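S.K.: only the shape, not the letters, is given here:
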C-alpha cells in the first residue's frame, strides 16, 4: 500500500480536557484491521476522532493508493465530505475511535464551542488534503520559503522608498 499523500498526525491537536469532553459526548468504538469505517453508500453523518490506530482514505476508483493516512488525534467523517467523492475509510491497524452521531455533535457545539471549532477545522483540513493532493505540508512549506526568498531578493535590489541616497 502506498501512502499517496501524507501521514497527517503532525502533533497533538486535542488536549486531555478535549478528550474527556469527547468521551463524555460520544461513544467509544473499536474496529479491527482491514474493516471499512465509511463507504460512499453510508448515509450517516457521524464524525470519528481517532484515539489510537490508523485509517486510510481511498477513492473508489483506486483502492490501491491511499489519499491520506490518519492517526491518533485526527478527525474524519461527516457524510458531506465522503459521499460526493466516492471515498472509503478503511482501518489499516486496529483502531479505537470516538464516534459522535449528528445529535451528539450538535450538543458538543452548544456545550463546548471551542472544541467543536477544533473538530470542524480538522474536518476542513482533511477535505483540503483530499481535494488538493498536490498541497502537502512539505510542498506548502517549500512554497512559503520560496515566496519569502523572492520577497527578500526583490527588496534588496530596490533602493529605499523614502531615502534618495539609499
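M.R.: Now that the structure is in, tell me what you want to look at. Just so we're clear, the structure is a prediction, and the values are computed from it rather than from any experiment.

S.K.: and residue 24, how far is that from residue 127?
M.R.: Distance, residue 24 to residue 127, by C-beta to C-beta, to the nearest Å: 27 Å. Every C-beta, even on glycine, is put in place using the N, C-alpha and C of the backbone.

S.K.: which one of these two has more residues nearby?
M.R.: Between residue 24 and residue 127, residue 127 has the larger neighbour count (other C-beta atoms under 10 Å), namely 15 against 12.

S.K.: for the helix or strand harbouring the more buried one, which positions count as buried?
M.R.: If you go by DSSP states H and E, residue 127 is part of helix 113-131. The neighbour-count check on helix 113-131 (16 or more other C-beta atoms under 10 Å) flags 115, 116, 118, 119, 122, 123, 126, 129, 130 as buried.

S.K.: any idea what sits nearest the fourth one, other than its immediate chain neighbours?
M.R.: If I follow you right, that is residue 119. residue 75 (5.3 Å; C-beta to C-beta, 6 or more residues apart in numbering).

S.K.: got a list of what that neighbour touches?
M.R.: 47, 48, 49, 50, 119, 122, 123, 126 (C-beta atoms under 8 Å, 6 or more residues apart in numbering).

S.K.: partner residues bridging it?
M.R.: residue 49 (DSSP bridges).

S.K.: and it, what pLDDT?
M.R.: pLDDT, residue 75: 90.

S.K.: likewise for residue 34?
M.R.: 93.

S.K.: quick check, residue 96 in a strand?
M.R.: Yes: with DSSP: H, G, I helix; E, B strand; the rest coil as the criterion, residue 96 is part of a strand.

S.K.: tally of neighbours for it?
M.R.: 14.

S.K.: secondary structure element for the closest residue to it other than its chain neighbours?
M.R.: Of all residues not flanking residue 96 in the chain, residue 51 sits nearest, at 4.2 Å (C-beta to C-beta, 6+ apart). Residue 51 is part of strand 47-52, with elements assigned from DSSP H and E.

S.K.: what does that strand contact?
M.R.: 14, 19, 22, 26, 28, 37, 70-78, 89, 95-100, 105, 119, 123.
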